[in-house]
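Engineer: got a predicted model here, sequence first, then my questions.
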Amino acid sequence: MSSSKVATEYDMATKKSKRLDRSKSRVLPLREYHNKILNYLISYFSEQTVDNVIDFGAGKGGSMFKYLYNKFKYMTLIDISKNSIKEAKNRYINNSKLQDINATFLVGDISSIYLQQKIKQEIYDIAVCNFVIHYLFSDKNTINNFVKNVYYSLKKGGLIIITTTDHETITDKEFRKTKYSEINFISNKESDYGEKYKFKLEDAVYDQAEYVVYRDVINDVFIDNGFELLEDHNLVFDNNLFKNELFNDIYRTMDDDMRDISGMYKYYVYRKM
């Protein structure tokens with residue numbers, strides 16, 4: 001999918017989301033579970049003194065309060081959707097607490113090598129890419145450019161935290177349809193890239209094209225670009241990290257379908273060598 005088409009889709013999705021009262025969404029417990037996971041991951045992997053975070057595919061800035069909670073001093077938010085970045089900036093301007101963090105908001109294609117003309121080099125301690133990278137696996141060049149941008153932005157030893165789809169569950173027919181979601185594959189696996197499907201998630205994802213992210217492939221791309229893998233786990237099925245009281249209350253509010261949806265995702269953490 002072209003960058004311009006992605007931007008158009010996300011600008012339309014932003015307008016749709018403004019009409020929703022998310023507090024009344026049936027999938028609210030799923031959102032809360034994923035938000036708590038990301039906040040925990042950021043906290044867990046930033047136990048040492050870290051100051052700067054860069055958010056690739058930041059959307060409307062939903063993670064800004066996570067960065068505030070974890071006492072970052074500077075954040076850069078990037079998204080291809082100008083409407084999303086406009087909304088993120090407005091949220092920042094209209095919240096005095098968020099202004100405790102210095103912030104930069106950028107409209108840009110995170111899979112374009114030209115992004116390096118906009119972002120600062122080697123100043124960030126942590127990068128975050130939350131539920132975005134599965135849109136970049138259309139071809140090797142697209143994902144490779146993204147990883148190069150991450151490498152360019154991070155300090156040596158800096159980390160990137162990624163949440164994305166888990167190929168083992170996303171390709172399993174058992175997970176193709178729940179009462180809140182639906183997956184329809186458009187193409188078969190012919191290579192490591194470009195295996196396309198459409199995904200719908202109630203009140204969140206509007207029949208958008210995504211691509212399967214194979215674990216070995218994403219690992220190879222990051223390792224080839226100077227990173228090492230620290231951790232990767234499914235968000236539900238194989239992760240002892242989350243089997244603690246922090247998540248029990250929210251997890252119990254999710255029904256089996258929500259748990260299956262959450263099980264379609266995993267996280268990766270890489271460190272710049």
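Structural biologist: Received, thanks. All values reported here derive from a predicted model rather than from experimental measurement. Numbering: from 1, shown residues only.

Engineer: please count neighbours and contacts with C-alpha atoms only from this point.
Structural biologist: OK.

Engineer: which parts of the stretch 151-273 of the chain are strands?
Structural biologist: Using DSSP state E, counting those that start in this stretch, the strands found in the stretch 151-273 of the chain span residues 154-165, 181-185, 196-201, 205-211, 227-234, 265-272.

Engineer: got the angle for the shortest one vs strand 196-201?
Structural biologist: What it means is strand 181-185. Between the axis of strand 181-185 and that of strand 196-201 there is an angle of 170 degrees, by axes from the mean of the first three to the mean of the last three Cα atoms, to 10 degrees.

Engineer: what comes up buried for strand 181-185?
Structural biologist: Applying a neighbour-count criterion of 16 or more other Cα atoms under 10 Å, the buried positions in strand 181-185 are 181, 182, 183, 185.

Engineer: let me know the closest of those residues to residue 166.
Structural biologist: Checking the buried residues of strand 181-185 against residue 166 by Cα to Cα gives residue 183 as the nearest, at 13.4 Å.

Engineer: surely residue 33 forms part of a strand?
Structural biologist: No - the secondary structure assignment for residue 33 gives helix rather than a strand, going by DSSP: H, G, I helix; E, B strand; the rest coil.

Engineer: setting the sequence-adjacent residues aside, check what's closest to it.
Structural biologist: residue 250 (6.0 Å; Cα to Cα, 6 or more residues apart in numbering).

Engineer: next: residue 157.
Structural biologist: In space, not counting the residues next to it along the chain, residue 157 is nearest to residue 272; the distance is 5.0 Å by Cα to Cα, 6+ apart.

Engineer: who's in contact with that neighbour?
Structural biologist: 151, 154, 155, 156, 157, 158, 159, 226, 227, 228 (Cα atoms under 8 Å, 6 or more residues apart in numbering).

Engineer: now rank those by neighbours and give me the top one.
Structural biologist: Sorting those by how many neighbours each has (other Cα atoms under 10 Å) puts residue 159 first, at 27 neighbours.

Engineer: can you name the residues bridging to that residue?
Structural biologist: residue 126, residue 271 (DSSP bridges).

Engineer: what's the answer for the one 4 residues further on, then?
Structural biologist: Beta-bridge partners of residue 163, counted by DSSP bridges, are residue 130, residue 267.

Engineer: how about the contacts made by it?
Structural biologist: Applying Cα under 8 Å, 6+ apart as the definition, the contact partners of residue 163 turn out to be 129, 130, 131, 132, 133, 265, 266, 267, 268.

Engineer: please apply the same query to residue 50.
Structural biologist: Taking Cα under 8 Å, 6+ apart as the definition of contact, the neighbours of residue 50 are 72, 125, 126.

Engineer: again with residue 221
Structural biologist: 143, 144, 147.

Engineer: 7 Å instead, please
Structural biologist: Contacts were defined as Cα atoms under 7 Å, 6 or more residues apart in numbering; by that measure residue 221 touches residue 144.

Engineer: need the pLDDT of it.
Structural biologist: According to the per-residue confidence, residue 221 scores 97 in pLDDT.

Engineer: coming back round to it: closest to residue 83 among the contacts of residue 163?
Structural biologist: Minimum distance to residue 83 across these is 16.7 Å, recorded for residue 132 (Cα to Cα).

Engineer: return the distance of the closest one relative to residue 69.
Structural biologist: Taken as Cα to Cα, to the nearest Å, the spacing of residue 132 relative to residue 69 amounts to 22 Å.

Engineer: neighbour count winner among the two?
Structural biologist: Per other Cα under 10 Å, whichever of residue 132 and residue 69 has more neighbours is residue 132, with 18 against 13.

Engineer: distance check, the more buried one against residue 80.
Structural biologist: With the distance defined as Cα to Cα, residue 132 ends up 11 Å from residue 80.
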